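Enquirer: can't give you the sequence, but here's the structure:
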């Protein structure tokens, strides 16, 4: 159920809901909100990454919790990608994202799929560091795929 | 069910889970994470506040969504209040919070209760702007109660 929700949310960064968001949020506030969602992604990813690199003791339940936390905030991104945010100076989103919206959306979809798979895999009793490296690796690849093309340094 | 989770989460800003958080997060990262959670609170509160002030058209489902979003991220605060964060320069948490931990926790509890009540009330078909003013007003009072004593300007 959660998996389905996440995939959908990631599919629709610029949904009809996002158009409505324009009536609810100032552009500057929306960018702060967006960056906060990504900061929360980053905090969770730090724990998952620490575990697959062996810097933090492996704990399947903890990985599941962190992936689920990403899934809780990911749908909020839909509130924040509306055209008026394009000119906000603090945004690190490259113009390329607006010019290649279909590809940007596809990258969101890849991320959402990898996240759903990590949530499912990490709730399996057989989930171990090897399967964590594979599934979390796919998630991090999803992050990187979008950052390279669409996030300014 | 969600209501219960929220109240519990707000009750335990410094739970045993928070002690464990020290092993998962750097203090600086935890403060960024904490501030991101509060930024997400703020984005949701802006919509709710806009509606009760009549600046945004009233929409019960939207208020319920915003309160629920706060409930999704509120438990994450438990990751971020561990002693090593006390010395992080960017934190706006006053020393008074550490010195009056029981009161700080109580204020979290008041906030959690008000949030649970807003979530419940806003899912009622009879929820209207008058009941929104009452229940969201209690939530904002909960925010303010803690900010006045424990958040630096």
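Expert: Cool, got the structure. Quantities reported herein were computed from a predicted structural model and do not represent experimental measurements.

Enquirer: Which positions in chain A make contact with chain B?
Expert: Counting by CB under 8 Å from any CB of the partner chain, chain A comes close to chain B at A:23-25, A:29-30, A:32-33, A:35-37, A:39-40, A:42-43, A:46-47, A:50, A:56, A:62, A:69, A:72-73, A:76, A:79. Yep, even glycine has a C-beta here, placed from its N, CA and C like the rest.

Enquirer: Buried only: go through the residues you listed for me.
Expert: Buried members of these, counted by 16 or more other CB atoms under 10 Å in any protein chain shown: A:24-25, A:29-30, A:32-33, A:35-37, A:39-40, A:42-43, A:46-47, A:50, A:56, A:62, A:69, A:72-73, A:76, A:79.

Enquirer: tell me which residues in stretch A:49-57 are buried?
Expert: In stretch A:49-57, counting by 16+ other CB under 10 Å, buried: A:49, A:50, A:51, A:52, A:56.

Enquirer: list the helices and strands the helix or strand where the third one lies packs on?
Expert: When you say that, I think you mean residue A:51. Using DSSP states H and E, residue A:51 sits in helix A:27-52. Contacts defined by 3 or more CB pairs under 8 Å, 6 or more residues apart in numbering or on different chains; DSSP states H and E place helix A:27-52 against helix A:60-73, helix A:129-150, helix B:27-52.

Enquirer: That helix to helix B:27-52, inter-axis angle?
Expert: With axes from the mean of the first three to the mean of the last three CA atoms, to 10 degrees as the basis, helix A:27-52 and helix B:27-52 are set at 140 degrees to each other.

Enquirer: Please compute how far helix A:27-52 lies from its chain's middle.
Expert: Offset of helix A:27-52 from its chain centre (CA atoms, centre = their mean, to the nearest Å): 8 Å.

Enquirer: Would you mind checking the average pLDDT for it?
Expert: For helix A:27-52, the mean per-residue pLDDT is 98.

Enquirer: Please find the angle between the direction vectors of it and helix B:60-73.
Expert: 40 degrees.

Enquirer: Would you enumerate the residues in contact with the residue nearest to residue A:95 when sequence neighbours are not counted?
Expert: Excluding the flanking residues, the one nearest residue A:95 by CB to CB, 6 or more residues apart in numbering or on different chains is residue A:86, at 7.8 Å. By CB atoms under 8 Å, 6 or more residues apart in numbering or on different chains, the contact list for residue A:86 reads A:93, A:95, A:98.

Enquirer: For residue A:20, report the pLDDT, please.
Expert: At residue A:20, pLDDT is 86.

Enquirer: Look up how far residue B:56 lies from it.
Expert: The gap separating residue A:20 from residue B:56 is 11 Å, by CB to CB, to the nearest Å.

Enquirer: what's the answer for residue A:89, then?
Expert: 25 Å.

Enquirer: For chain A, give me the ranges with low pLDDT.
Expert: Applying pLDDT under 70 to chain A flags the ranges A:1-19.

Enquirer: again, 90 this time
Expert: For chain A, the stretches with pLDDT under 90 are A:1-20, A:153.

Enquirer: in it, which residue is closest to the centre?
Expert: Nearest to the mean C-alpha position of chain A, by CA atoms, centre = their mean, lies residue A:74 at 5.4 Å.

Enquirer: just checking, that one touches residue A:112?
Expert: Yes - using CB atoms under 8 Å, residue A:74 is in contact with residue A:112, at 7.1 Å.

Enquirer: Quick check: residue A:23 is in a strand.
Expert: No - assessed with DSSP: H, G, I helix; E, B strand; the rest coil, residue A:23 is coil; it does not lie in a strand.

Enquirer: Residue A:126 versus that one, what's the distance?
Expert: Residue A:23 is 47 Å from residue A:126, by CB to CB.
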